[in-house]
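Peer 1: Structure for this input, please:
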Amino acid sequence: MSIPLKTTTANGIHMRYAEMGPRESGAPLVLFCHGWPESWYSWRHQLAAVSAAGFRCVAPDMRGYGGTEAPEGADQYTLMHLVGDMAELVKALGETKAVIVGHDWGAPVAWHAAMWRPDLFPAVCAMSVPYAPPGYIDILTALSKLGINDFYLQYFQKPGVPEAERASDLVTLVVARVASGEDVGALRAHLEAALPPGTTIETVRVSRTEAERLLDPA
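Peer 2: Model (predicted):
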């Protein structure tokens, strides 16, 4: 199955996205937001199925992933930035509204897009992650209190450890940490696209920083 990849500029960054389905006036837009460590490729089956039902389907590489620009600094990856990216992508596509779908770390983007810009996103579909308001305890403290000490967010808290283990091969690092029954060959090919040569461990740290920002209101 060949899925066309295109590029545009949205919210001040270069974005790559996959698109399938009709583009004539009246075909509803569905925007798919992937999680970590993924890319548009995570949605390849849904793009085919939903576009066949008559929808215009677009799945971008989210900010910092794959063929989309990766601004420097973790402060460039807040929910405000990510929701802004999706809002501006809708406009760049020449549309006025979209159904937004999110999986994993894409789900908070979808939830907040619908909350903050209901004019653009009148419907939301969140997969695997329900809406949760900011909590009264940060996620790392909560995990510790539950006796959990090996969650991936905790793993990336240890300065120098991930770098020392896989300093030159982040793909192998991620496969080793999250493969969990997946077809390792297919996952490796997917990650090599999502984490291109030159990607640093800072890309991985973004998920940690945004988790703390979202879940710790202080």
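Peer 1: Centre of the chain to the host helix or strand of A87, how far?
Peer 2: Element membership for A87, per DSSP states H and E: helix 79-92. Here helix 79-92 is found 12 Å from its chain centre; the criterion is C-alpha atoms, centre = their mean, to the nearest Å.
Peer 1: mind listing what's buried in it?
Peer 2: Under the neighbour-count criterion of 16 or more other C-beta atoms under 10 Å, helix 79-92 has 79, 81-90 buried. Glycine gets a C-beta too; all of them are placed from N, C-alpha and C.
Peer 1: Could you work out the most separated pair of the residues you listed?
Peer 2: The two members of the buried residues of helix 79-92 with the most space between them (C-beta to C-beta) are L79 and V90, at 16.7 Å.
Peer 1: Now render the buried residues of helix 79-92 as JSON lines, adding pLDDT and distance to Y136.
Peer 2: Shown next, in JSON lines, are the buried residues of helix 79-92 (pLDDT from 0 to 100; distance: C-beta to C-beta, whole Å):
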{"residue": "L79", "pLDDT": "92", "distance to Y136": "19"}
{"residue": "H81", "pLDDT": "97", "distance to Y136": "25"}
{"residue": "L82", "pLDDT": "97", "distance to Y136": "24"}
{"residue": "V83", "pLDDT": "97", "distance to Y136": "24"}
{"residue": "G84", "pLDDT": "97", "distance to Y136": "27"}
{"residue": "D85", "pLDDT": "98", "distance to Y136": "29"}
{"residue": "M86", "pLDDT": "98", "distance to Y136": "28"}
{"residue": "A87", "pLDDT": "98", "distance to Y136": "29"}
{"residue": "E88", "pLDDT": "98", "distance to Y136": "33"}
{"residue": "L89", "pLDDT": "98", "distance to Y136": "34"}
{"residue": "V90", "pLDDT": "97", "distance to Y136": "34"}
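Peer 1: Nearest to F55, out of those: which one, please.
Peer 2: If you rank the buried residues of helix 79-92 by distance to F55 using C-beta to C-beta, V90 comes first, at 14.0 Å.
Peer 1: check contacts around the nearest residue to that closest one once chain neighbours are set aside.
Peer 2: Nearest in space to V90, with sequence neighbours left out and distances taken as C-beta to C-beta, 6 or more residues apart in numbering, is A98 at 5.1 Å. Contact partners of A98, counting by C-beta atoms under 8 Å, 6 or more residues apart in numbering, are 28-31, 58, 90, 120-121.
Peer 1: can you tell me which of the residues you listed are in helices?
Peer 2: Counting by DSSP state H, the contacts of A98 place V90 in helices.
Peer 1: Out of the contacts of A98, which is nearest to G106?
Peer 2: Checking the contacts of A98 one by one against G106 (C-beta to C-beta), the nearest turns out to be L31, at 9.9 Å.
Peer 1: How many neighbouring residues does the closest one have?
Peer 2: 28 (other C-beta atoms under 10 Å).
Peer 1: looking at the contacts of A98, which has the most residues close by?
Peer 2: In terms of neighbour count, L31 stands highest of the contacts of A98 at 28 neighbours, by other C-beta under 10 Å.
Peer 1: For that one, give me its contacts.
Peer 2: Taking C-beta under 8 Å, 6+ apart, we find L31 in contact with 58-60, 86, 89-90, 98-101.
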